[in-house]
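Trainee: Next input, structure requested:
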Amino acid sequence: MLKIRGGKYLHRVIEQPDMSITRPTKDSAKEGIFNSLGLLSGLSFLDLFSGSGQMAIEAFSRGAEKVVANDLNRSAYDIIQKNLKKLGINEIKTYNLDYKNCLKRLSENNEKFDIVFLDPPYKMIVDENFINELLSYNIMNEDFRIVIETDYELDEELFNSFIIKKLKYGRSLMYVLRRL
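Mentor: Residues are numbered from 1 along each chain as shown. Okay, here's the model as predicted:
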């Protein structure tokens, strides 16, 4: 079971998919990243590899105006739906798509985001090519931030067109990228 750590749904418990499907963000990391992001009121938030939906729900709980949660895994997607229903949240848009198809749909719908949260499956590497692909869909607002959660060090030199803030919580690393 996971707990929402801030905002309107503080201390509410949500379910998580089987650990073989996803890895939930630790409470300390979640708290740290949202404190680092600051006020979310009026901002838009995309959780591209959502798992339980905890980061999307946390963003909504903390005031994000527009929130989208996507996960390709059907079991994870079903948990997201169950968690939203349990909390009575109808405002978070959800997709059960491969990340590229989700990005394509968001782009076709001319949707824009202030914050994109990336915690991809273990085997997927976030690198400069991945970020450039993400940017190619033109779904970011002008002053966007990309948050990457990973358990490996990113080669920060590959992201030389960004200001990078690195946060460490146990084995979890969080990178917040913002355009120069």
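Trainee: Can you list the low-confidence ranges for this protein?
Mentor: Applying pLDDT under 70 to the chain flags the ranges 19-21, 122.
Trainee: now the residue of the chain most remote from its centre: how far from residue 127?
Mentor: The C-alpha centroid of the chain is most remote from residue 157, which lies 23.0 Å away (C-alpha atoms, centre = their mean). Separation of residue 157 from residue 127 (C-beta to C-beta, to the nearest Å): 11 Å. Every C-beta, even on glycine, is put in place using the N, C-alpha and C of the backbone.
Trainee: Over to residue 4?
Mentor: Applying C-beta to C-beta to residue 4 and residue 127 gives a distance of 31 Å.
Trainee: what do you get for residue 142?
Mentor: With C-beta to C-beta as the criterion, residue 142 and residue 127 are 24 Å apart.
Trainee: Who has more neighbours out of those two?
Mentor: A direct count of neighbours by other C-beta atoms under 10 Å for residue 142 and residue 127 places residue 127 higher, at 13 against 7.
Trainee: Quick one: residues contacting the more buried one.
Mentor: Applying C-beta atoms under 8 Å, 6 or more residues apart in numbering to residue 127 gives the contacts 154-155, 158.
Trainee: what's the neighbour count on residue 175?
Mentor: 21.
Trainee: Residue 153 against residue 173, yeah?
Mentor: Yes: using C-beta atoms under 8 Å, residue 153 is in contact with residue 173, at 6.8 Å.
Trainee: Looking at the two, which is more packed in?
Mentor: For residue 153 versus residue 173, neighbours defined as other C-beta under 10 Å are more numerous around residue 173 (17 against 10).
Trainee: what's the burial count for the spatially closest residue to the more buried one that is not a sequence neighbour?
Mentor: Of all residues not flanking residue 173 in the chain, residue 150 sits nearest, at 5.3 Å (C-beta to C-beta, 6 or more residues apart in numbering). Around residue 150 there are 18 other residues, counting by other C-beta under 10 Å.
Trainee: Distance of residue 150 relative to residue 156?
Mentor: Distance of residue 150 to residue 156, given as C-beta to C-beta: 12 Å.
Trainee: which residues of this structure fall in strands?
Mentor: Along the chain, counting by DSSP state E, strands occupy 2-3, 13-14, 44-47, 66-70, 93-95, 113-118, 140-150, 162-169, 172-179.
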